[in-house]
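Enquirer: A predicted structure for the sequence below; I have some questions about it.
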Amino acid sequence: MTGLAVLAALALVIFFGLGLLRIHLGPTDADRILSIQLSGTTTVAILLLLSVIVDMPALLYVALIFVLFAAVIAIAFVRNPKGGA
Amino acid sequence: MILFDGVLALLIVVLAWRCVTAGDLYLGIVVFIVMGLMLALSWARLDAPDLALAEAAIGAGLLGVLLLSTWRALPGHRRQDRDHPPARKAVRWLAGVASVAFGLVMAALLHALQPDEDAAGALALGRLTEAGVEQPVTAVLLNFRSYDTLLEMGVLLMALIGALLARTPLAPYGAATDDGTDSPLIPVLATTFTPLLLLVGAFLVWAGAYGPGGAFQGGAVLGGAGVVLVLCNRLQGAPEAGILLRLLLVLGVKVFILAGLLMLPLEGAFMAYPPGLTYPIMIAIEFCLATSIAVSLLLLFTGTHGVRVPER
Amino acid sequence: MTLPDPFALAAAALLALGFYGFVVQRHPLRRLLAINVFGNGVFMTLILVARWMPGGPDPIPHAMVLTGIVIAVSATAMGLALVRRDLRQGDGKDGGDRD
Amino acid sequence: MSISAWLAALLIVAGTGFFFAGTMGLLRFPDVFSRLHALTKADNTGLGLVAAGVALLHQSWRHAALITVIWLLALAASSIACHLVARDALARGEQREEKP
C-alpha cells in the first residue's frame, strides 16, 4: 500500500515541477501567485502522503502550518502593510 | 523513493538557479518562496520534522511575506536592475567557474562523509533522561547547549535594533486609510486565521517537550499571527513601544538568565537545573522564549518600535 | 562506489549557486536572496551530517540549523530594512519617517 | 488488502488525477481567470480526496480529525487567496499599460 503512496507522491512532485513553468512564463504577477498557491497545495498533499510513507505523524503539523501561511502569503501579495492597496 | 528524492533535489537546484539568475526581481522572490516549500519537503524526507516545521513557518511563510512586502514598498523604478546591473561578462564567467569548482569540491566532500560513532549527539541522546524533556532537539537547545540559545536571543535583539536604526518602517504610523478597495474577506481572514495561528503556535511550544515543535517554531507561528493582523489593518506600527511590549521583547532573555542565576547556589554552575525541577523550568523558559521571538519577529516585520491598535 | 545522495549534490549546488549569485548580482535585494540560498545550502549540509550518526538523527546539528533559520530570518529582515533605506535615499528625500 | 485500503488507494489515485488536471489547466488555459478556475479544482477536490485517502491509511481517529482540519483550512485559505488574487488582477487589468 505504501508503494502506491510513493507513486502518488512522485507524480505530485512531478506535477509540482510542471506547475513551475507557469511561474517562469508569467505573464502577470497574478499568474505567479496562482502558481505559488498551487505549489503550496501540492506540497500539503505530498506531506500528507509522506506522513503515511515514513510513518511520521508530525508531518501533519507541518502541513497544517503550510495551510495557515498560504493565506498569509496571498494577502501579502495584494496588500501593503499600511492598508489599502 | 530514490526517484522521489532525485526529482525533489533536482527541483531545488533548478529553483535556486532561477532564483539567483531570474531576469525579473519579483520572479526571483517568488521562486525563493517556492524553494522554501521544496526545502521543507526535503527536510521532512531527511528525518528532520522539527526543521520542516521551522522552514514552513519561517522560510516559506514569514521570510516570503517580508520579501514581498519590501518589494512592494520600493519605489517603482528601484524594483529592477537598472541602477544595479549584474557584473560584467568576464566577471560572470570567472564567478561561474569558481562556483562550479566550489560546488564540485563540496559535493565530493559530502559524498565522502563517513558515519561517526563519537558524534556529540550520541552523548546528548544517551543523557536525554537528565534533560527533563523527551525531545532531543529541545533538550539540546534549552539544556545541553543553553548558552547558544541565550546568545541567539541576543542576536535576534541586535538584528531588531539594527532594523529599527534604519528607520524605514514597512508599516508606517498614522491613521490607516481604507480606500474602499478592501475585500470583505479581509476581516474574515483576520478573525479566522489569527486565533488559529495563536492556538497552533501555543500548541507547538508546548509540544516541543514531547515531539517536533518548540520555542522557535511556535514563536514564529505566533509572530505570523501578528503579521496577519498588521496586513489586515488590525494592528499598525507605532513610533514608541509601550512598557508592556518592551517587557515581552526581553522576557525570554531575562527569564533564561534569571533561571540560570537562581539555580547557581543550588547546583554550583550557571544554567544547571536541579533534577526534579527541570521539566517545569524548561516549559516556563520555552514559553517566555517563544513570546519574545514572536514579538521580535513582528517588530522586525513592521520595522517600527512598537505596534498599536488603529483608531477607527 | 555508491550512488551519490541526491540531497548531497543539491546541497553542493545550493552553495555554489548562492556564491555565484552573490558575486554576480548587484541589486541589494538579489544579494540578500543569494545569501539566503547559500544559507539553505549550509543548512542542508548540516542536516546531511546529522544523518550520519548511527542510531537516529543527531540532535545537535538540528539544533544548530534551527537557531540558524531564526538568525537568517532576523538578519534578512535587518538587511531588508537597510535596503529600503538605501534605495529610498537615492530619491533625494530622507529615509526617516519620524514626524 | 482490506476494503479500506482499496478505498484509500482509489481516493489517492483520484486525488492525484485532480492535481494533474489542475496543473494542466494552470499551464494551458489562456488567461488568469480561467487558470484560477482550474487551480481551485486541485486545491479543493484534489486535496480533499488525497486527504481522505491518507486519513483512511492512518487508522487513527486523532490523525483523521487533524487531516480534516487541514483540509477545511485549505478550503478557507484557497478561497480567500483566489478571491484576493482575482480582485487584484481585475483591478490591475484596467491599467495594465501603466505597470512597469
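Expert: Perfect, thanks for sending it.
Enquirer: B:Gly237: which element?
Expert: strand B:236-238 (DSSP states H and E).
Enquirer: Quick check: mean pLDDT of that strand?
Expert: The average pLDDT within strand B:236-238 is 79.
Enquirer: Tell me the secondary structure at the nearest residue in space to B:Val133 that is not next to it in sequence.
Expert: Leaving aside its chain neighbours, B:Val133 sits nearest to B:Ala209 (4.4 Å; criterion: C-beta to C-beta, 6 or more residues apart in numbering or on different chains). For the C-beta atoms, the positions are set from N, CA and C on the backbone; glycine is no exception. Here B:Ala209 is recorded as coil under DSSP: H, G, I helix; E, B strand; the rest coil.
Enquirer: wait, what's in contact with B:Ala209?
Expert: B:133-135, B:138, B:279, B:282-283, B:286 (C-beta atoms under 8 Å, 6 or more residues apart in numbering or on different chains).
Enquirer: and these, which are buried?
Expert: Neighbour-count burial within the contacts of B:Ala209 applies to B:133, B:135, B:138, B:282-283, B:286; the criterion is 16 or more other C-beta atoms under 10 Å in any protein chain shown.
Enquirer: Tell me which two in the residues you listed are the farthest apart.
Expert: Checked with C-beta to C-beta, those reach their widest spread between B:Gln135 and B:Ile283, with 12.0 Å between them.
Enquirer: Tell me the confidence at B:Pro115?
Expert: On pLDDT, B:Pro115 comes in at 68.
Enquirer: swap that for B:Leu165, sorry
Expert: The predicted local confidence for B:Leu165 is 87.
Enquirer: how about low-confidence regions in chain D?
Expert: D:1, D:93-100 (pLDDT under 70).
Enquirer: Run through the residues of it sitting next to chain B.
Expert: Residues of chain D lying close to chain B by C-beta under 8 Å from any C-beta of the partner chain are D:73, D:76-77, D:80, D:83-84, D:87, D:91, D:100.
Enquirer: Just among those, which is most surrounded?
Expert: D:Ala77 (27 neighbours; other C-beta atoms under 10 Å in any protein chain shown).
Enquirer: need the contact list for the nearest residue to that residue once chain neighbours are set aside.
Expert: Spatially, and ignoring its direct neighbours in sequence, D:Ala77 is nearest to A:Ala71 (4.0 Å; C-beta to C-beta, 6+ apart). Applying C-beta under 8 Å, 6+ apart, we find A:Ala71 in contact with B:189, B:193, B:228, D:76-77, D:80-81.
Enquirer: Try it again at 10 Å.
Expert: A:37, A:40, B:185, B:189, B:192-193, B:196-197, B:228, B:231, D:73-74, D:76-81, D:84 (C-beta atoms under 10 Å, 6 or more residues apart in numbering or on different chains).
Enquirer: Assign it to helix, strand or coil.
Expert: Of the three states, A:Ala71 takes helix under three-state DSSP.
Enquirer: what's the nearest residue to the most centrally placed residue in chain D if we skip its chain neighbours?
Expert: Nearest to the geometric centre of chain D sits D:Asp43, at 0.8 Å (C-alpha atoms, centre = their mean). Sequence neighbours aside, D:Ser78 is the residue nearest to D:Asp43 in space, at 4.1 Å (criterion: C-beta to C-beta, 6+ apart).
Enquirer: now the contacts of B:Ala209 as JSON lines including pLDDT and secondary structure?
Expert: Below are the contacts of B:Ala209 laid out as JSON lines (pLDDT from 0 to 100; DSSP: H, G, I helix; E, B strand; the rest coil):
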{"residue": "B:Val133", "pLDDT": "75", "secondary structure": "coil"}
{"residue": "B:Glu134", "pLDDT": "75", "secondary structure": "coil"}
{"residue": "B:Gln135", "pLDDT": "80", "secondary structure": "coil"}
{"residue": "B:Thr138", "pLDDT": "82", "secondary structure": "helix"}
{"residue": "B:Tyr279", "pLDDT": "82", "secondary structure": "helix"}
{"residue": "B:Met282", "pLDDT": "83", "secondary structure": "helix"}
{"residue": "B:Ile283", "pLDDT": "86", "secondary structure": "helix"}
{"residue": "B:Glu286", "pLDDT": "88", "secondary structure": "helix"}
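Enquirer: can you pull the contacts of C:Arg31?
Expert: Counting by C-beta under 10 Å, 6+ apart, C:Arg31 touches B:20, B:84, C:21-25, C:79, C:83.
Enquirer: Pick the one among those closest to chain D.
Expert: B:His84 (15.6 Å; C-beta to the nearest C-beta).
Enquirer: Near that closest one, how many other residues are there?
Expert: For B:His84, using other C-beta under 10 Å, the count is 16.
Enquirer: my guess is it contacts C:Arg26, does it?
Expert: Yes: judged on C-beta atoms under 10 Å, B:His84 makes contact with C:Arg26 at a distance of 3.8 Å.
Enquirer: So is stretch B:222-237 next to chain D?
Expert: No: Stretch B:222-237 lies apart from chain D when judged by C-beta under 10 Å from any C-beta of the partner chain; the minimum separation is 10.8 Å.
Enquirer: Stretch B:8-22 too?
Expert: No: counting by C-beta under 10 Å from any C-beta, chain D has no neighbours in stretch B:8-22; the shortest distance is 13.8 Å.
Enquirer: so what pLDDT did A:Leu50 get?
Expert: We have a pLDDT of 92 for A:Leu50.
Enquirer: ok, it touching A:Ala63?
Expert: Yes: counting by C-beta under 10 Å, A:Leu50 touches A:Ala63, with 9.2 Å between them.
Enquirer: Between those two, which is the more surrounded one?
Expert: Using other C-beta under 10 Å as the criterion, A:Leu50 and A:Ala63 rank with A:Ala63 on top: 30 against 26.
Enquirer: is it fair to say the more buried one lies in a strand?
Expert: No: counting by three-state DSSP, one finds A:Ala63 to be helix, located in no strand.
Enquirer: Verify the contact between it and D:Ala74 for me.
Expert: Yes: in this structure A:Ala63 lies within contact range of D:Ala74 using C-beta under 10 Å: 8.8 Å.
Enquirer: Now the common contact residues for those two.
Expert: Counting by C-beta under 10 Å, 6+ apart, the common neighbours of A:Ala63 and D:Ala74 are A:44-45, D:47, D:51.
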